[in-house]
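*Asks:* Okay, here's the prediction I keep looking at, along with the sequence it came from:
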Amino acid sequence: MAVDALDTRILRLLIEQPRTSVREYARILGVARGTVQARIDRLERDGVITGTGPVLSPAALGHPVLAFVHVEVTQGHLDEVGDALASVPEIVEAFSITGGGDLLTRVVARDAGHLEDVIQRLIQLPGVVRTRTEIALRERVAHRMLPLVESVARGEERRPGAGSAHR
């Protein structure tokens, strides 16, 4: 989906000032409230905007340890293991991957002992062969989307076959 300059400005406001009203966004942007609302509705419908809820901090919820756990699965059991991962509350994300393992999970824990307990729970799931864990030491780039949105809007996103001018 193409994102134009107005969409980018709206997305920036939604990211930077999420509690502001559509009426106030329209005033800031100098466009009609109906235009802003129609753009937001289209961005939601097209799947660009996927949620509007608060972003929560696992650390503030008492889970400051972040680990990435690679899970190797018995052939033919990926779906069952993937479904079982949803029953583990400390798993905040899970992805099917290529490379060293079948699934990559993002796990939060209260401390190292709790992380070990979570890993032991994963190992006991039917279809799990082994796990490999990497503990995050420090976040270097927080989750962000605005630089990507702005890049797409400017047409700077690298396309297959394009030169290397924008590395």
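*Replies:* Sure, I can see it.

*Asks:* which residue is nearest the middle of the protein?
*Replies:* Centroid-nearest residue in the chain, with Cα atoms, centre = their mean: His143, separated by 7.1 Å.

*Asks:* show me what contacts it?
*Replies:* Taking Cβ atoms under 8 Å, 6 or more residues apart in numbering, we find His143 in contact with Val55. For glycine as for every other residue, the C-beta is placed from the backbone atoms N, C-alpha and C.

*Asks:* Please apply the same query to Arg12.
*Replies:* Listed by Cβ under 8 Å, 6+ apart, the contact set of Arg12 reads 146, 149-150.

*Asks:* quick one on the thing from earlier: now do the residue nearest to the centre of the chain against Glu24, distance only.
*Replies:* 25 Å (Cβ to Cβ, to the nearest Å).

*Asks:* What of Val3?
*Replies:* Taken as Cβ to Cβ, the span from Val3 to Glu24 is 21 Å.

*Asks:* So for those two, which sits in the more crowded spot?
*Replies:* Here Val3 and Glu24 are set side by side on neighbour count (other Cβ atoms under 10 Å), and the busier one is Val3, at 19 against 14.

*Asks:* Most neighbours of all the contacts of Arg12, which one?
*Replies:* Tallying neighbours with other Cβ under 10 Å puts Val149 at the head of the contacts of Arg12, with 18 neighbours.

*Asks:* Am I right that it is in a helix?
*Replies:* Yes. With DSSP: H, G, I helix; E, B strand; the rest coil as the criterion, Val149 is part of a helix.

*Asks:* Done for today, thanks.
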